[in-house]
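> My questions concern the predicted model and sequence given below.
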Amino acid sequence: MIKDRIEALRAELNEANFNYYVLNLPTISDFEFDQKLKELEILERENPQFFDANSPTQRVGSDINQQFTQAAHQYPMISLANTYSENEVTDFYNRTQRALNQDFELVCELKYDGTAISLIYENGALIRAITRGDGEKGDDVTTNVRTIKSIPLNLYGKNYPQKFEIRGEILLPWTEFDRLNRERQQQEEPLFANPRNAAAGTLKLQNSSVVSSRKLDAYLYYLLGENLPADTHFENLQTAETWGFKISDALKVCKNLQEVFNFLKYWDSERKNLPVATDGVVIKVNSIAQQNFLGMTAKSPRWAIAYKFQAERAVTRLNSVSYQVGRTGAITPVANLEPVLLSGTIVKRASLHNADIIENLDLHIGDMVFVEKGGEIIPKITGVDLDSRILIGEKVKFIKNCPECGSLLTRYQGEAAHYCPNENHCPPQIKGKIEHFVSRRAMNIEGLGEETVNLLYDNNLLKNIADIYELKVPDLARLERLGNKSAQNIKISIERSKSVPYQRILFALGIRFVGETTAKKLAFAFTEIEQLEQATAEQLITVDEVGERIAQSVVAYFADESNREIINRLKMCGLQFSLSAEQQQEKSNALAGKTIVISGTFAKNSRDAYKTIIEQNGGKNSSSVSAKTSFILAGENMGPEKLKKAQSLGVELITENEFLQLLENQR
Ligand code: IVH
């Protein structure tokens, strides 16, 4: 009886997932879905004998850190030969025709730019997911792959082989990529260069619940096994679609070269409208018998070829290289270019990332360089046009000393970036720290903008964050451009900041890698700064979302005598260095009794962070809009269904800023 109910629920939820994530045609409301999922969770918890790793309840991932084991590929995962021109495609066609000496069809499909995955199914259930690895063996990432909603855990129908493998590409959609990078930028974490790296990185995360939150997608493009349903690649994929796999619509059987070229031309521009990154077209011989006849070379199959789209590229002159020092002391080399038009915008500068990249490019001043945008957000230099190097300019050598303070730069083991170690005396680092400290989301001191901080610094009135509290109105009023009134306002704002809660001070201190969310987690785990000062790396790691890197950074921060001295001075000024019991109490009541639905994407915090904020303030998260919804926290691109429902029920929409203001006011 219970078993039947469990199975019925699983089937219904799988179907709903498929309709939503594969077909893009939702059939049941979010609310109904959540209700059923909850019922299933309860039944499974109470009846552990019916546990199934492929149950829809397992898609949420787990907090347990995993180490990946390696698994061998039954069929090696070899790659495709790349071509960049229609001539090479013609060569491939002629070669194939000669070898086969009979009629043949080609299938054109998009080359998805993500990370390859091999999925093994037995008796209609996903049993293993392996990354490409070295082609012979890869990492077993099954737990993470189970969180990808468009990958079926149990198949539809009956006509699938008892055991088979299907390969495809795991992708991070552009919108998710942008959201993730915005979040990382805020936390001063290195940005993902493109969705491919982000997808590969995500798949290797230790914590599958984080993987689940990142909304990976997957397209499948290659069926392997003993008893495949059909004699052609095309039909095999069509059949796999009926089992529940996401197969691209951009799939065409071509009878001649002209049809292939039409496909290449059409998708070269149309791909820009797709939600995921593509970098070319894969052309495959359709008949499996012909594929087998053609066989493989040592490196790639003879029956397929990848045609790569030309990345949009411009050629321009490298005028100079400058080096920027960030708030954390990281040095960013920047190429100053002769302005050039690239995909609709004028490019004057390009990131050179780090010393290794400069060295590999063998850059010289005056070189004509290739600039590309492609999947990357910041244009990058991909090569030097050596043919046009007539007069050789000076070789670009990465600087050894900080351009601002002259300190010898350091490079941490295993890290690509150089850093200026002079944290407390290097001007841009000091100013950057102060600007961060006073910023709205930190201490929110008004009137101390970049310009004023510069003036105060140049006038020797401000050398560190503790000096802020010793500024006097006459000192401020004496500065150029600052009248008495503004000086007084600044002083008022400084005084007011003394009541900023502990967790925001922790963020304001500017400890490397400690963003807003981490600061909050640390504040709740170590409710007084003295506890945090004494915490060891091992203790710090026990805090949610704190890894080795953050822990080391916190330890290093407090090991520095001058940081401790600054904190002592701030304490003397009356800043809040502990989380008072009543503050915790207050914090947990602001949204009491409210049921809130989050929808859309946000600029300042991730959706998950907002979920936590809602809970910490006593509110309840819900995924579907109903008459019980108190309000919707609405980001950009809110789901149209939710919007319609909200309008029909008259549920209020609150923007991100309004929401943060609401919390602020209640604090
Ligand atoms: S077929 C033996 N089809 O490109 C042929 N690959 O260099 C197996 N890729 O590792 C690959 N889209 O990660 C195939 N439609 C597609 C593809 C595709 C992307 C990737 C895949 C593979 C690499 C080949």
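Looks like it arrived, so ask away.

> Just after the least confident helix or strand in the chain by mean pLDDT, pick out the following helix or strand.
Of all helical and strand segments in the chain, the minimum by mean pLDDT, DSSP states H and E falls on helix 581-587, at a mean of 60. Following helix 581-587 in sequence order, the next helix or strand is strand 595-599 (DSSP states H and E).

> residues making contact with that next one?
For strand 595-599, the external contacting residues (Cβ atoms under 8 Å, 6 or more residues apart in numbering) are 607, 610-611, 614, 619-625, 628-635, 638-639, 642-643, 651. Where C-beta positions appear, they are placed from N, C-alpha and C, glycine not excepted.

> Show the buried residues in these.
Among those, those classed as buried by 16 or more other Cβ atoms under 10 Å are 607, 610-611, 614, 619, 622, 624-625, 629-635, 638, 642-643, 651.

> give the contact list for the residue of the stretch 401-550 of the chain at minimum distance from the ligand.
Using Cβ to the nearest ligand atom, the single residue of the stretch 401-550 of the chain nearest to the ligand is Ala416, 25.0 Å away. Each residue near Ala416 by Cβ under 8 Å, 6+ apart is listed here: 353-356.

> From those residues, which shows the smallest pLDDT?
Ranked by pLDDT, the contacts of Ala416 bottom out at His353 (81).

> show me what contacts that one?
332-333, 380, 416.

> Narrow the residues you listed to those that are buried.
Using 16+ other Cβ under 10 Å, the buried ones in those are 333, 380.

> Just give me the least confident of the contacts of His353.
Ala416 (79).

> what's it sitting at in phi/psi?
Dihedral angles of Ala416 (phi, psi; degrees, to the nearest 10) stand at phi -80, psi -30.

> just the strands in the stretch 501-650 of the chain please.
Using DSSP state E, counting those that start in this stretch, the strands of the stretch 501-650 of the chain run over 595-599, 620-622, 631-634.

> Would you single out the least confident of those strands?
strand 620-622 (a mean of 82).

> Wasn't Val340 part of a strand?
Yes. Val340 sits within a strand when classified using DSSP: H, G, I helix; E, B strand; the rest coil.

> Please tell me the pLDDT value assigned to the nearest residue to it once chain neighbours are set aside.
Distances taken as Cβ to Cβ, 6 or more residues apart in numbering place Thr316 nearest to Val340, at 3.9 Å, with adjacent residues excluded. Thr316 is assigned 95 on the pLDDT scale.

> Report the beta-bridge partners for Thr316.
Val369 (DSSP bridges).

> Tell me how far it lies from Arg349.
From Thr316 across to Arg349, the span is 11 Å (Cβ to Cβ, to the nearest Å).

> any idea how far Asn87 is from Tyr307?
In terms of Cβ to Cβ, Asn87 sits 11 Å off from Tyr307.

> who in the stretch 101-250 of the chain is up against the ligand?
109, 111-112, 116, 169, 221-222 (Cβ under 6 Å from any ligand atom).

> Using JSON lines, lay out those residues together with distance to Glu538, pLDDT and neighbour count.
Shown next, in JSON lines, are those (distance: Cβ to Cβ, whole Å; pLDDT from 0 to 100; neighbours: other Cβ atoms under 10 Å):
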{"residue": "Glu109", "distance to Glu538": "50", "pLDDT": "98", "neighbour count": "24"}
{"residue": "Lys111", "distance to Glu538": "45", "pLDDT": "96", "neighbour count": "21"}
{"residue": "Tyr112", "distance to Glu538": "42", "pLDDT": "96", "neighbour count": "27"}
{"residue": "Ala116", "distance to Glu538": "37", "pLDDT": "95", "neighbour count": "20"}
{"residue": "Glu169", "distance to Glu538": "39", "pLDDT": "98", "neighbour count": "24"}
{"residue": "Tyr221", "distance to Glu538": "45", "pLDDT": "98", "neighbour count": "23"}
{"residue": "Tyr222", "distance to Glu538": "45", "pLDDT": "97", "neighbour count": "21"}
